[in-house]
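A.B. asks: Could you work out the structure for the sequence below:
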Amino acid sequence: MSNRIWSLSALKRRWAERFSNLWSHLQYYRYEPNKPSRAAFLKLPQAEQEAWIEADEPDFAVRLYGDGYLGSSYQMNSFTLDDHLNAPEDYGIGGMIEAQMAGISSERVDEIEAGATLNDDEIDALQYAIAEDDYHGWDIHSGCYIKLRLGAVFALYEGEDLGQGGASFELERVFASKRRAMAYLSSKPMLAVE
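C.D. replies: Down below sits the predicted model:
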């Protein structure tokens, strides 16, 4: 009997959550004549879009945390990679690659440390190892829906982790939907999506 009551409670909570999500999405389709249309907003230059969001959506920055977090990406700096490749022993790139590539032989690790030319897989492994060690080099991607006249757009922000201070975000681009924003994000290098 208690399993049956628990199942009914869980089902009731699930339906309440879905109804709440539906209700919040329906709010985006309330007509508000003082706001621009989606088409007009998407045609604005990015600086004007950002100014409008900051003025009309004062809580947008709070919404970028929690559910607004989409993931992180890492753009490899070519100078950093070249620096590692030019001084393999100083950086211990053989060990870095070994940590990323299961099954690499100790002879090959020694060759890499001595300055051997890396193949594509080894370069990829080195890039991932550099990215793992570079905590501050990752870009944070967050976003939120912005209510317009009838409907909404999805504002994608890119930021930098400031540790205890949170993050600093800048508007990267505005999209017609979250799905389009996620498709755009998928083109980023070394992407880790939530």
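A.B. asks: Can you name the next helix or strand after the least confident helix or strand in the chain by mean pLDDT?
C.D. replies: Ranking every helix and strand in the chain by mean pLDDT, DSSP states H and E puts helix 2-26 at the bottom, with a mean of 65. Using DSSP states H and E, the helix or strand that follows helix 2-26 towards the C-terminus is helix 38-43.
A.B. asks: and that following helix, what other elements does it pack with?
C.D. replies: Packing contacts for helix 38-43, counted by 3 or more CB pairs under 8 Å, 6 or more residues apart in numbering; DSSP states H and E, involve strand 138-148, strand 151-161. Any C-beta I mention is one placed from the backbone N, CA and C, and that applies to glycine too.
A.B. asks: Determine which of those approaches residue 98 most closely.
C.D. replies: strand 138-148 (22.9 Å; CB to CB).
A.B. asks: Now do that closest one against strand 151-161, angle only.
C.D. replies: 160 degrees (axes from the mean of the first three to the mean of the last three CA atoms, to 10 degrees).
A.B. asks: Paired strands for strand 138-148, with orientation please.
C.D. replies: strand 69-74 (antiparallel), strand 151-161 (antiparallel) (DSSP bridges).
A.B. asks: Which parts of the longest one count as buried, going by neighbours?
C.D. replies: For strand 151-161, a neighbour-count test (16 or more other CB atoms under 10 Å) marks 151-159 as buried.
A.B. asks: Whatever helix or strand residue 97 lives in - what's its average pLDDT?
C.D. replies: Element membership for residue 97, per DSSP H and E: helix 93-100. In this model, helix 93-100 carries a mean pLDDT of 88.
A.B. asks: about what we covered before: reformat the strands paired with strand 138-148 into TSV and put mean pLDDT next to each item.
C.D. replies: Conversion of those to TSV gives the following (pLDDT from 0 to 100):
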stretch	mean pLDDT
strand 69-74	87
strand 151-161	89
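A.B. asks: So which of the ones you listed is nearest residue 182?
C.D. replies: strand 69-74 (7.2 Å).
A.B. asks: Which is the succeeding secondary structure element to that closest one?
C.D. replies: In N-to-C order, the element after strand 69-74 by DSSP H and E is helix 78-86.
A.B. asks: So which elements touch that next one?
C.D. replies: helix 93-100, helix 120-133.
A.B. asks: Spell out which residues sit in contact with residue 82, please.
C.D. replies: Contacts of residue 82 were listed using CB atoms under 8 Å, 6 or more residues apart in numbering, and none were found.
A.B. asks: List the contacts of the residue most central in space within the chain.
C.D. replies: The residue lying closest to the centre of the chain (CA atoms, centre = their mean) is residue 71, at 2.6 Å. By CB under 8 Å, 6+ apart, the contact set of residue 71 is 141, 185, 191-194.
A.B. asks: So in terms of bridging, what pairs with it?
C.D. replies: Going by DSSP bridges, residue 71 forms beta bridges with residue 141, residue 193.
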